[in-house]
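J.: take this sequence and fold it.
(one chain, ligands or ions: 2)
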Amino acid sequence: MAERKVAGTYVFEAKNPVERTQAAKAAAKLLRQGKLVAFPTETVYGLGANAWDKAAVEKIFFAKGRPADNPLIVHISQPEQLEALASPIPDAAWLLAEHFWPGPLTLVLPKKPQVPDVVTGGLATVAVRLPKHPVALALLEAADLPVAAPSANLSGRPSPTTAEHVLTDLAGRIDAVVDGGPCEVGLESTVLNLSGETLQILRPGAVTAEEISEVLGEKCAVAHWQEESGAKPPSPGLKYLHYAPQAPLYLLRGDPKSIVKALQERQQKWEAAGKKTGLLVSAETAPFFASEYLLVLGSRTDPAGMAARLYDALRRFDHMGVDVILAEGYPATGVGLALMNRLQKAAGGRVIDLE
Ligand code: AMP
Ligand code: MG
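T.: Ligands and ions are numbered 1, 2, ... in the order given. Below you'll find the predicted structure:
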């Protein structure tokens, strides 16, 4: 099997079916020994541990520097495995599983007592997902375990969408990473709460509220939570700054024409002050800028494509060593809602509304 070691962390290649089977076997063995393995899913790379093994799951929090009250998502390879983790399971969960699994939808359900508290951050609910990526499925099947896995980044950094991103953050801190190439969706899963009175999306992702409503024939709300409100967040993960590049990022919202004008003004001002100014824009507005620190996310007509490239772009700004980043905003509809949600988090409050 093609493997190498980076600072003590094994890298198992899994770019074709033969490598995938071998890598899944080797990585599954490590998981069964209570070790930490990062692996690709269609959303982002996850950092996995045996969900039944409290000591193994504790190591995830240590490796990432993750606050203990931020719960993990448990990954399964067969819908029936849900029964070992959650109870009661409403019909809506099975219906959604049928429609969206394997795929980027996480369901929050009342947890069974057997699920260790460390997995759920002490909550009475557990988050479960059945991913679509062939490497994730091969690993979960070979391990024959539910695998608790948050994103495989250091806490507060952009989620990893390649094995290189994982190694940048976690080489030497985890036992292995399975390299299955870049992730297709590139943003974390949609998290849907099914344990409350009403349907609520706790975190927007590639599966939208409209799609969920259509399957269940019921209204699906998206949680809005303001840090400043002092209210308890609907999901603990919301209160932590996420997805931050090293330089401060300013997000400009408005129509494309006003955004171009406002970006150009700010670019000039920052550059005149001697700041290396990163620009994160769409293919449509890119021709209006000249800069060696310009990154194009993709066409405004393809928000899913832009989402897939976002975290890599944020990490590339880190490599360029820019002092400040100016980012174009997009309509928050469909997948654009998840894209804007992550851009807003990367901005950490530096959002400028034009007009
Ligand atoms: P990560 O995979 O790193 O994006 O982290 C998983 C996220 O899923 C957490 O930050 C939470 O926001 C959410 N989550 C996981 N379990 C629960 C739960 N039981 N209730 C609400 N949200 C959850
Ligand atoms: Mg995360």
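J.: ok, P79 touching W94?
T.: Yes: taking CB atoms under 8 Å as the contact criterion, P79 and W94 are neighbours in contact, 7.4 Å apart. No exception for glycine: its C-beta is placed from N, CA and C like everyone else's.
J.: after the helix or strand harbouring L263 comes which helix or strand?
T.: When secondary structure is defined by DSSP states H and E, L263 falls within helix 256-272. Scanning forward in sequence from helix 256-272, with DSSP H and E defining helices and strands, the next element found is strand 277-281.
J.: relative to helix 256-272, how tilted is that following strand?
T.: Computed with axes from the mean of the first three to the mean of the last three CA atoms, to 10 degrees, the direction of strand 277-281 lies at 170 degrees from that of helix 256-272.
J.: check which helices and strands strand 277-281 sits against.
T.: Based on contacts counted as 3 or more CB pairs under 8 Å, 6 or more residues apart in numbering; DSSP states H and E, the elements that strand 277-281 packs against are helix 256-272, strand 294-296, helix 303-320, strand 324-328.
J.: can I get stretch 287-300 as PDB, trimmed to CA atoms?
T.: The C-alpha trace of stretch 287-300 is given here as PDB (Å, rounded to 0.1, in the frame of the first residue of the first chain):
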ATOM      1  CA  PRO A 287     -11.900  41.600 -14.400                       C
ATOM      2  CA  PHE A 288     -12.400  44.800 -12.400                       C
ATOM      3  CA  PHE A 289      -9.400  44.100 -10.200                       C
ATOM      4  CA  ALA A 290      -5.700  43.900 -10.600                       C
ATOM      5  CA  SER A 291      -3.800  42.300  -7.800                       C
ATOM      6  CA  GLU A 292      -1.300  39.500  -7.200                       C
ATOM      7  CA  TYR A 293      -3.400  38.600  -4.100                       C
ATOM      8  CA  LEU A 294      -6.600  38.000  -6.000                       C
ATOM      9  CA  LEU A 295      -8.500  34.700  -5.700                       C
ATOM     10  CA  VAL A 296     -11.500  33.800  -7.800                       C
ATOM     11  CA  LEU A 297     -14.100  31.500  -6.100                       C
ATOM     12  CA  GLY A 298     -16.000  30.800  -9.300                       C
ATOM     13  CA  SER A 299     -19.100  32.000 -11.100                       C
ATOM     14  CA  ARG A 300     -21.900  33.600  -9.300                       C
END
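J.: for that stretch, what is the average pLDDT?
T.: Taken as a whole, stretch 287-300 has an average pLDDT of 97.
J.: buried residues in the helix holding L263?
T.: Buried residues in helix 256-272, counting neighbours by 16 or more other CB atoms under 10 Å, are found at P256, I259, V260, A262, L263, Q264, R266, Q267, W270.
J.: circling back: which one of the helices and strands packed on strand 277-281 lies nearest to ligand 1?
T.: Relative to ligand 1, the nearest member of those by CB to the nearest ligand atom is helix 303-320, separated by 12.0 Å.
J.: what sits up against the closest one?
T.: With contact meaning CB atoms under 8 Å, 6 or more residues apart in numbering, helix 303-320 is reached by 44, 158-162, 165, 168, 182-187, 206, 243, 245-247, 249, 276, 278, 280, 282, 293, 295, 297-300, 325, 330, 334-336, 338-339, 342-343, 346.
J.: buried residues in that helix, which are they?
T.: Across helix 303-320, burial judged by 16+ other CB under 10 Å covers 303-304, 306-318.
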